[in-house]
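Chemist: Output the structure for:
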Amino acid sequence: MTPLPHDGPLTIVRLANFVTPVSGGLRTALRHLGAGYRAAGHRPVLIVPGERRSEEDTEQGLVITLPGPVLPASGGYRLLTDRRAVAAELTRLSPDRLEVSDRTTLRWTGGWARRHGVRSVMVSHESATGLLGTWGVPGPLAVAAADRLNAATARAYDSVLCTTDWAAAEFRRIGVPNLVRAPLGVDLTAMRPLPTDVRAVRRARYAAPGDVLLVLCSRLSAEKRPERAIEALARLRARGLPAVLTVAGTGPLRERLAARAARLRLPVRFLGHLNGRAELAGLLGSADVVLAPGPVETFGLAALEALACGTPVAVSRSSALPGLVGLAGVAAVDSGAGFAAAVRELLGRPESVRRAAARAQAERYGWPAAVAAFLAAHGVRESGAAGGVRESGAARGFGEDGRLGGEERNSGARQRGRDERAGRRA
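Modeler: So this is what the prediction gives:
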């Protein structure tokens with residue numbers, strides 16, 4: 001179904017699980033998208049789980065926290081499990097659009113949206129096939145289970161939005177007809193290369209003169225494969241490279257990783273979660289190479305932030321990141337030895353060349369274009385600065401209807417009625 005263009009302000013309610021005050025990419029994406037929706041004149045509302053109920057007006061719009069239990073062994077992630085409470089909030093807010101960032105426990109909200117004549121989009125932030133594989137499910141079983149899950153998700157929502165072709169592949173595999181594409185972005189203002197003198201000062205916090213500074217900025221959980229950064233460091237030092245590793249992020253594997261580094265007598269520093277964007281930018285910008293070993297990353301905001309800071313990235317060749325980092329990075333074999341080889345390849349390039357290439361690649365992914373593409377997926381036309389109106393999707397490399405390959409399906413009389421109702425509310 002192709003979203004009908006909409007010119008007026010909309011109430012866009014977003015639902016997301018797996019968001020905490022110390023979570024990374026998803027939290028960052030939600031903040032920038034909400035701020036972009038608000039700047040475009042819409043009313044974004046974000047509903048997330050937490051310890052207790054609260055409401056806060058923020059730069060990304062109204063943020064509502066509903067009580068949700070902690071998912072065991074997740075490192076503190078909570079879930080929106082009280083359907084009655086979530087449904088009551090949705091009814092109270094009377095959204096024009098629903099945007100859901102969870103394909104499993106919140107799938108029922110697609111049915112709620114359909115019953116209430118609200119257009120719905122599910123944003124796929126992960127690969128179901130990849131995640132099942134990292135949990136030890138054998139390949140054929142992982143594919144079959146992911147296909148069933150993804151087919152049910154596609155039926156539940158008006159559109160399934162993927163941020164890369166890599167992420168969309170598992171939906172294309174089963175012929176999902178309501179697939180759309182929109183990229184995420186990177187804050188090119190907050191994340192930018194450091195002046196040479198500032199970089200030297202920042203770098204001294206983490207590495208001695210002559211050291212090679214490696215950085216891992218990641219949630220420390222199994223699907224991110226953070227142990228490969230430790231293994232790469234061990235391999236590099238065994239080959240005589242004076243490398244050190246700084247880790248920004250937290251998660252259930254932190255203690256195990258720290259114990260392993262200590263046992264191997266490796267120079268690894270664990271910073272935990274970095275609250276300030278300036279502190280994160282300083283760390284990323286002072287590194288020689290940033291490592292992104294997660295094999296199921298569908299977009300990888302931390303990798304893009306590193307590029308924006310002028311630092312090249314070694315990424316898992318199994319993830320979506322090789323296509324995102326391009327020649328500003330190296331796709332590594334998924335092993336410690338593979339990432340060590342990628343680091344050496346990047347260090348073999350002149351520093352000025354690799355840093356310029358990193359920044360240039362990041363500049364292809366600003367948030368304004370990402371916000372416009374997401375709004376296009378909602379059937380929204382973006383208002384220009386001079387008060388005109390322009391279509392958001394096609395001008396940025398997407399299909400005329402925002403779909404992969406221009407795919408369409410018959411909307412049907414029921415959907416047209418919901419569109420008319422949404423238009424009357426807006």
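
Chemist: what stretches of the stretch 1-150 of the chain score poorly on pLDDT?
Modeler: 1-7, 20-24, 73-75 (pLDDT under 70).

Chemist: What segments of it are strands?
Modeler: 11-16, 43-50, 54-58, 61-67, 97-101, 119-124 (DSSP state E, counting those that start in this stretch).

Chemist: need the ones you listed in TSV with distance to H32 and mean neighbour count, can you?
Modeler: For glycine as for every other residue, the C-beta is placed from the backbone atoms N, C-alpha and C. Converted to TSV, those look like this (distance: least, CB to CB, whole Å; neighbours: other CB atoms under 10 Å):
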stretch	distance to H32	mean neighbour count
strand 11-16	12	24
strand 43-50	11	22
strand 54-58	12	10
strand 61-67	12	19
strand 97-101	13	26
strand 119-124	13	26
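
Chemist: Turn those strands into TSV, columns for distance to V198.
Modeler: TSV is the format used below for the strands of the stretch 1-150 of the chain (distance: least, CB to CB, whole Å):
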stretch	distance to V198
strand 11-16	35
strand 43-50	34
strand 54-58	30
strand 61-67	33
strand 97-101	36
strand 119-124	36
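
Chemist: Can you say which of those is nearest to A154?
Modeler: Nearest to A154 among the strands of the stretch 1-150 of the chain is strand 119-124; the distance by CB to CB comes to 8.1 Å.

Chemist: who touches stretch 228-244?
Modeler: Contacting residues not belonging to stretch 228-244 are listed as 206-208, 210-214, 216, 245, 247, 257, 260-261, 264, 266-269, 291, 293, 314, 334-340, 343-344 [CB atoms under 8 Å, 6 or more residues apart in numbering].

Chemist: Out of these, which end up buried?
Modeler: 206-207, 212-214, 216, 245, 247, 257, 260-261, 266-268, 291, 293, 314, 334, 336, 338-340, 343-344 (16 or more other CB atoms under 10 Å).

Chemist: hmm, back to that, of all the strands of the stretch 1-150 of the chain, which one is nearest W367?
Modeler: It's strand 43-50; of the strands of the stretch 1-150 of the chain, that one is closest to W367 (CB to CB) at 13.9 Å.

Chemist: now for that closest one, which elements pack on it?
Modeler: Strand 43-50 sits against strand 11-16, helix 25-39, strand 61-67, helix 83-93, with contacts defined as 3 or more CB pairs under 8 Å, 6 or more residues apart in numbering; DSSP states H and E.

Chemist: if I look at A370, how far off is V186?
Modeler: 9 Å (CB to CB, to the nearest Å).

Chemist: Which of the contacts of stretch 228-244 fall in strands?
Modeler: Residues of the contacts of stretch 228-244 located in strands (DSSP state E): V212, L213, L214, L216, L245, V247, V268, R269, L291, A314.

Chemist: ok, of those residues, which one's closest to A29?
Modeler: L216 (19.9 Å).

Chemist: What is the three-state secondary structure of A154?
Modeler: Under DSSP: H, G, I helix; E, B strand; the rest coil, A154 falls in the helix class.

Chemist: And for it, the neighbour number?
Modeler: 21 (other CB atoms under 10 Å).

Chemist: Look up how far R265 lies from it.
Modeler: Distance from A154 to R265, by CB to CB: 50 Å.

Chemist: R43 too?
Modeler: Counting by CB to CB - R43 and R265 are separated by 55 Å.

Chemist: again with A182
Modeler: 46 Å.

Chemist: hang on, the earlier thing: and the ones in strands among the contacts of stretch 228-244, which two are furthest apart?
Modeler: Across the ones in strands among the contacts of stretch 228-244 (CB to CB), the longest gap, 18.7 Å, separates R269 and A314.

Chemist: is it true that S101 touches R27?
Modeler: No. Counting by CB atoms under 8 Å, S101 does not reach R27; the two are 10.4 Å apart.

Chemist: Give me the domain ranges for the protein.
Modeler: Domain ranges of the chain: 11-185+366-425, 196-362, per automatic domain parsing.

Chemist: ok, and which of these has the densest surroundings?
Modeler: Highest mean neighbour count among the domains of the chain (mean count of other CB atoms under 10 Å): domain 196-362, with a mean of 20.

Chemist: Pull the distance from it to the chain's centre.
Modeler: The chain centre lies 18 Å from the centre of domain 196-362; the measure is CA atoms, centre = their mean, to the nearest Å.

Chemist: pLDDT averaged over that domain - what is it?
Modeler: Per-residue pLDDT values across domain 196-362 average out to 95.

Chemist: What separates the first and last residues of that domain, distance-wise?
Modeler: End-to-end distance for domain 196-362: 20 Å, by CA to CA, to the nearest Å.

Chemist: Kindly report the same for stretch 131-146.
Modeler: 9 Å.

Chemist: cool, and stretch 12-25?
Modeler: OK, stretch 12-25 end separation, CA to CA: 20 Å.

Chemist: again, but for stretch 261-273
Modeler: 19 Å.

Chemist: any chance of the ones in strands among the contacts of stretch 228-244 in TSV, plus distance to W166?
Modeler: Shown next, in TSV, are the ones in strands among the contacts of stretch 228-244 (distance: CB to CB, whole Å):
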residue	distance to W166
V212	29
L213	29
L214	25
L216	21
L245	27
V247	25
V268	30
R269	32
L291	19
A314	17
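
Chemist: Return the closest of those with respect to L33.
Modeler: Nearest member of the ones in strands among the contacts of stretch 228-244 to L33, counting by CB to CB, is L216, at 25.7 Å.

Chemist: Show me what that closest one is bridged to.
Modeler: Counting by DSSP bridges, L216 is bridged to V247, L291.

Chemist: quick one: contacts for it?
Modeler: Contacts of L216 (CB under 8 Å, 6+ apart): P226, A229, L245, T246, V247, A248, G249, V290, L291, P293.

Chemist: did I read that right, the second one in a helix?
Modeler: Yes. Using three-state DSSP, the secondary structure at A229 is a helix.

Chemist: Next, work out how far apart A190 and A362 are.
Modeler: Where A362 is concerned, A190 sits at a distance of 12 Å (CB to CB).

Chemist: Check L33 too.
Modeler: 18 Å.

Chemist: so R27 touches V19, yeah?
Modeler: Yes. If you go by CB under 8 Å, R27 and V19 touch, sitting 5.3 Å apart.

Chemist: what's the nearest residue to P368 if we skip its chain neighbours?
Modeler: Nearest residue to P368, sequence neighbours excluded (CB to CB, 6 or more residues apart in numbering): G36, at 7.0 Å.
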